[in-house]
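[1] I would like to see how this sequence folds:
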Amino acid sequence: IPKGTLNTYRFSSTVLRNDRLISVYTPPGYDEKRTYPLTVFVDRYAYLSLIPTPTILDNMIKEKVIPPMVAVFVGIPTEARTRELACYPAFGYFVANELLDWVRQNHNVTTEPQETIIAGSSQGAVAATYIGIRHPDVYGKVLSQSGLFWYKPNQDPEYEWLTRYIAGQPKNETRFY
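    Alright, predicted model coming up:
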């Protein structure tokens, strides 16, 4: 089947004050004049090393299960992993603003929230859910795979912090899978 292209870049974050690898998947036949839906995968390592996500995307696009899309895989520096994936507002800002500004300058992707997905697994699913709730004007869909929803910040006496946080937020149009 036709294969998409995966390019990797070193990205220096001003807001997080660190560097990371960012990989960008463009679908087979990528046309710079066309606007594509966008999926941002929070944990580059999980979605490129443990899960063959570009191959899965190629197959799903070929079978017309999903439309051709651009996918961004966000690297998490080892020393920042625990902090960034733990419902960290600065990481959410980075993924919703700083990173997407760069993606949109370099690739023709949608600005419509209903065509923009934030995805993660395990602790990355917690981060993706948190980002989707905090930034519904950017991410209209959340893909949460095996989320660690028992998570609690160290200073919090109760588990399931994110569940309580979501319950306290105004309803919005964000869709969850």
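
[2] now the residue with the largest distance to the centre of the chain: which helix or strand?
    In the chain, the greatest distance from the average C-alpha position (Cα atoms, centre = their mean) is reached by Pro157, at 28.5 Å. Assessed by DSSP states H and E, Pro157 sits outside every helix and strand.

[3] I figured Phe11 hits Asp19, correct?
    Yes - shown here, Phe11 and Asp19 form a contact pair, counting by Cβ atoms under 8 Å, at 6.7 Å. For every residue, glycine as well, the C-beta is placed using N, CA and C.

[4] hmm, who's touching the worst-scoring helix or strand of the chain on mean pLDDT?
    Here the helix or strand of the chain ranked lowest by mean pLDDT, DSSP states H and E is helix 161-167, holding a mean of 88. Outside helix 161-167, the residues that touch it by Cβ atoms under 8 Å, 6 or more residues apart in numbering are 87, 126, 129-130, 133, 149, 151-153, 158.

[5] got the CA coordinates for stretch 58-73 in PDB?
    Only the C-alpha atoms of stretch 58-73 are listed here, as PDB (Å, rounded to 0.1, in the frame of the first residue of the first chain):
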ATOM      1  CA  ASP A  58      -1.400   4.100   6.000                       C
ATOM      2  CA  ASN A  59      -3.700   1.100   6.200                       C
ATOM      3  CA  MET A  60      -6.600   3.000   7.600                       C
ATOM      4  CA  ILE A  61      -6.300   5.700   4.900                       C
ATOM      5  CA  LYS A  62      -6.000   3.100   2.200                       C
ATOM      6  CA  GLU A  63      -9.200   1.300   3.500                       C
ATOM      7  CA  LYS A  64     -10.900   4.700   3.700                       C
ATOM      8  CA  VAL A  65     -11.600   4.200   7.500                       C
ATOM      9  CA  ILE A  66     -10.100   7.700   8.100                       C
ATOM     10  CA  PRO A  67      -9.400  10.500   5.700                       C
ATOM     11  CA  PRO A  68      -5.800  11.400   4.700                       C
ATOM     12  CA  MET A  69      -4.400  13.400   7.700                       C
ATOM     13  CA  VAL A  70      -1.200  14.900   9.100                       C
ATOM     14  CA  ALA A  71      -0.100  13.400  12.400                       C
ATOM     15  CA  VAL A  72       2.400  14.900  14.900                       C
ATOM     16  CA  PHE A  73       4.200  12.800  17.400                       C
END
